[in-house]
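Peer 1: I would like to see how this sequence folds:
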Amino acid sequence: MGAALLLGGCSFATDSLWPALTGREPAGKPAERVEITPAPSERAAQPTLAPISPPPPQLGTTRFQPTAVTQPQATGTFVGRKVGQLASELSVLETSTAGRNGQLQQLRGAATQNSQRYHGTIAAINVRLQVGTTPGNPVLVSQWNEAQAELDRLSSDIASMNSLANLVANDSSMASFILESVRATYGLAGAIDEDHRQLARLEDETNRTVVLIDRLLNELSEDVSRQTAYVGNERRNLTTLSLAVKNGELLGTSLANRAYASSAPLASAPPTSSRSFAAVNRRPLVIIRFDRPDVPYQQALYTALSRSLERRPQSSFDLVAVTPNQGTPADVALAASKAKKSAEAVMRSLIDMGLPANRVALSSATSADATTGEVHLYIR
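Peer 2: Numbers count the residues shown, from 1 in each chain. Predicted coordinates for the structure are as follows:
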């Protein structure tokens, strides 16, 4: 009897741990169908890609709502009438401040929407370039034009913010005038105690309005400064992106947006003669040999410049058109002309990549070792 009980207990434990695969619940209850809600990414028709471009700067979020002005009671004195007049002027100023706050919030919303559309378009172009596309793809050209239009809208938003800042500055001057008038009213003769109590309350409310308008002006100035720098950087990035669309390959952000752009600009160096390059044995950073038509040098040139500027942000460069010193004088002259045209094309590419022109010195030289026209880039 004990063995039978033990065997029965083992069978019960086994059945509870490893239920039979019959499609029914072990307890005999009918199976329930559980619906799993798909994730947003699963419901989307196209895959969601994170933008490659850096996010736009964060705008201010403060809402500047002035408090209502306490209307003074008439006391029948000259000072009492003066207090009522100043209170009315303060009420008009606070109504104007509330309107400025509404304009600021609208401009912030418009700038945010324009930035989102701009970065969405830029992300689509970068993704297409990253996976590979044809040079001068008309779809990418159309998207680039849309991105430029969105950036122009951001510039118009900055202009509207500047106009609003001028209006807020006028309100700030008016608030300071009202505050000085309130303080000067204390010295008028013929006032009663109630006039001075109402005057003190009006002074406090005017001080709050002055502080509110100053904060509005400061935050508006910060928004304008951030947006101006942001749009300037993105315009340089857009210029570099146009070169990438033209070549059908992803380059990266503009070289002008790197750390050296914030340093003091270097003086433009005069063109270096071929004699100095022959005298000084320097190793070129990049050598581009134009031994065939349409040499694809942009990606390698951009990569070398990026790494060089990461190590030495204040670097300048010498771009040298090297001509082979072989053949008749006519052949040498013809080769020199082709090499100079190639160097000018490389110079235009450097400018499109964002490198300022005053950091590149263009010159020419001849070499007995070169077999074809070359362009050498030296770091200085």
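Peer 1: where does pLDDT dip in the protein?
Peer 2: 1-63, 65, 257-281 (pLDDT under 70).
Peer 1: which residue ranges of it form strands?
Peer 2: Under the criterion DSSP state E, strands of the chain are mapped to 286-289, 317-324, 360-367, 374-379.
Peer 1: just list what the first one packs against, helices and strands only.
Peer 2: Under the contact criterion of 3 or more CB pairs under 8 Å, 6 or more residues apart in numbering; DSSP states H and E, the helices and strands touching strand 286-289 comprise helix 298-311, strand 374-379. Where you see a C-beta, it was placed from the backbone N, CA and C, and this is true even at glycine.
Peer 1: what do you get if the cut-off is 10 Å, keeping everything else the same?
Peer 2: Strand 286-289 sits against helix 298-311, strand 317-324, helix 329-352, strand 374-379, with contacts defined as 3 or more CB pairs under 10 Å, 6 or more residues apart in numbering; DSSP states H and E.
Peer 1: do the same with the second one
Peer 2: Packing contacts for strand 317-324, counted by 3+ CB pairs under 10 Å, 6+ apart, involve helix 274-279, strand 286-289, helix 298-311, helix 329-352, strand 360-367, strand 374-379.
Peer 1: point out the most buried one among these.
Peer 2: Scoring the helices and strands packed on strand 317-324 by mean neighbour count under mean count of other CB atoms under 10 Å gives strand 374-379 as the most buried, with a mean of 22.
Peer 1: what angle sits between that one and strand 360-367?
Peer 2: Calculated by axes from the mean of the first three to the mean of the last three CA atoms, to 10 degrees, strand 374-379 forms an angle of 130 degrees with strand 360-367.
Peer 1: can you tell me the strand partners of strand 374-379 and which way each runs?
Peer 2: According to DSSP bridges, strand 374-379 forms sheet pairs with strand 286-289 (antiparallel), strand 317-324 (antiparallel).
Peer 1: number of nearby residues for residue 190?
Peer 2: Per other CB atoms under 10 Å, the neighbour tally for residue 190 reads 9.
Peer 1: please name the residues that touch it.
Peer 2: Shown in contact with residue 190 (CB atoms under 10 Å, 6 or more residues apart in numbering): 77-80.
Peer 1: out of those residues, who's nearest residue 364?
Peer 2: Distance ranking of those against residue 364, using CB to CB, places residue 79 first at 84.8 Å.
Peer 1: pretty sure the closest one contacts residue 197?
Peer 2: No. Using CB atoms under 10 Å, residue 79 is not in contact with residue 197; the gap is 11.4 Å.
Peer 1: now for residue 373, how many residues are close by?
Peer 2: When neighbours are counted by other CB under 10 Å, residue 373 comes out with 23.
Peer 1: my bad, residue 369
Peer 2: Residue 369: 8 surrounding residues under other CB under 10 Å.
Peer 1: okay if I get the contacts of residue 190 as a markdown table plus distance to residue 303 and neighbour count?
Peer 2: Formatted as a markdown table, these follow (distance: CB to CB, whole Å; neighbours: other CB atoms under 10 Å):
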| residue | distance to residue 303 | neighbour count |
| --- | --- | --- |
| 77 | 81 | 15 |
| 78 | 79 | 14 |
| 79 | 77 | 20 |
| 80 | 77 | 20 |
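Peer 1: any chance of the residues you listed in TSV, with distance to residue 175 too?
Peer 2: Shown next, in TSV, are the contacts of residue 190 (distance: CB to CB, whole Å):
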residue	distance to residue 175
77	25
78	24
79	21
80	22
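Peer 1: and those, which two are the farthest apart?
Peer 2: It's 78 and 80 that sit farthest apart of those, by CB to CB, at 7.2 Å.
Peer 1: which residues does residue 158 contact?
Peer 2: Contacts of residue 158 by CB under 10 Å, 6+ apart are 107, 111, 223-228, 230-231.
Peer 1: so the nearest residue to residue 304 once chain neighbours are set aside bridges to which residues?
Peer 2: Nearest residue to residue 304, sequence neighbours excluded (CB to CB, 6 or more residues apart in numbering): residue 286, at 5.0 Å. Beta bridges link residue 286 to residue 377 when assigned by DSSP bridges.
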